[in-house]
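Novice: pasting the structure only:
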């Protein structure tokens, strides 16, 4: 029971106490990706309460999770130069890689199943995550379909208002839980190979740059689609 609670705690805090900046630099032959993941100290403090279950040696549970994810990225035939860096305190991780095809990388991560999450052509990129295609993301990140997490993700929380979701987290984790969640955002930054000609859902920040951001709570409920489209000159 204690170990089940540990797994549940990791699942909740991983999505309520992290801020993620995901950058893509696209080119005609593929591109590169950089993920900057910052972990709230609140999350780490909770893990310390369950130190009996942390991995042996110098690695923390967060270290182990990130190493496993980097290994999964490295196993794709569409990726190369996968690198994982950390601050040594389990509070920040940077994963960088090159890819020959972003769509192929996603396909490899989800076991070759259908992909309606991401589409890229010579001059257009579309991201579209909805409640209806959420299972595709679960294939990419199997952790999301773990029974210990599902009740806190869109499978059970879809339809809840933000206030209702915050009340649930407060009841389960105390007042610090909602405060950490309110500070948690995901930002996706895109650099295109040509000047941007049209954009929907995201914000243009330069002739060839755009950003799409959303609060983590929007992902946890998926009451509205998380989507954007960017077009550029060939």
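Specialist: Nice, I can see it. Worth saying up front: this structure is predicted, and the values here are computed from it rather than measured.

Novice: all contacts plus neighbour counts: C-alpha atoms, from now on.
Specialist: Fine.

Novice: the helices in the chain, which residues?
Specialist: 2-16, 41-48, 61-74, 102-109, 134-140, 147-150, 154-157, 162-173, 176-182, 216-221 (DSSP state H).

Novice: how far does the last one sit from its chain's centre?
Specialist: This points to helix 216-221. 11 Å (CA atoms, centre = their mean, to the nearest Å).

Novice: same thing with the fourth one?
Specialist: In terms of CA atoms, centre = their mean, the centre of helix 102-109 is found 15 Å from the chain centre.

Novice: what's the answer for the fifth one, then?
Specialist: Remark: helix 134-140 is offset 12 Å from the chain centroid, using CA atoms, centre = their mean.

Novice: so which elements touch that helix?
Specialist: In this structure, helix 134-140 packs against helix 102-109, with contacts taken as 3 or more CA pairs under 8 Å, 6 or more residues apart in numbering; DSSP states H and E.

Novice: helix 61-74 and the helix it packs on, what's the angle between them?
Specialist: Between the axes of helix 102-109 and helix 61-74, defined by axes from the mean of the first three to the mean of the last three CA atoms, to 10 degrees, the angle is 120 degrees.

Novice: could I get the average pLDDT for helix 102-109?
Specialist: Across helix 102-109, the average pLDDT comes to 87.

Novice: likewise stretch 66-75?
Specialist: Stretch 66-75 comes out at a mean pLDDT of 88.

Novice: buried sites along it?
Specialist: 66, 67, 70, 73, 74 (16 or more other CA atoms under 10 Å).

Novice: again with stretch 193-210
Specialist: Result for stretch 193-210 [16+ other CA under 10 Å]: buried residues 193, 194, 195, 196, 199, 202, 204, 208, 209, 210.

Novice: next, the distance between the ends of stretch 72-84.
Specialist: Terminal residues of stretch 72-84 are spaced 12 Å apart (CA to CA, to the nearest Å).

Novice: how far does that stretch sit from the chain's center?
Specialist: Between the centre of stretch 72-84 and the centre of its chain there are 17 Å (CA atoms, centre = their mean).

Novice: and for that stretch, what are the contacting residues?
Specialist: Residues from elsewhere that reach stretch 72-84 (CA atoms under 8 Å, 6 or more residues apart in numbering): 66-67, 70, 93-102, 104-105, 108-109.

Novice: of those, buried ones?
Specialist: Here, 16+ other CA under 10 Å leaves 66-67, 70, 93-102, 104-105, 108-109 buried among these.

Novice: residues contacting residue 66?
Specialist: 84, 93.

Novice: distance of it relative to residue 41?
Specialist: Residue 66 sits 17 Å away from residue 41, going by CA to CA.

Novice: how about residue 220?
Specialist: Residue 220 is 20 Å from residue 41, by CA to CA.

Novice: these two: who's more crowded?
Specialist: Ranked by neighbour count (other CA atoms under 10 Å), residue 220 and residue 41 place residue 220 first, with 23 against 15.

Novice: could you verify my assumption that the more buried one touches residue 157?
Specialist: Yes: if you go by CA atoms under 8 Å, residue 220 and residue 157 touch, sitting 6.9 Å apart.

Novice: so what's the residue count around the nearest residue to residue 123 once chain neighbours are set aside?
Specialist: Closest residue to residue 123 apart from its sequence neighbours, by CA to CA, 6 or more residues apart in numbering: residue 232 at 5.1 Å. A count of nearby residues for residue 232, using other CA under 10 Å, gives 18.

Novice: tell me what residue 232 is bridged to.
Specialist: Beta-bridge partners recorded for residue 232 (DSSP bridges): residue 196.

Novice: do residue 96 as well
Specialist: residue 34, residue 83.
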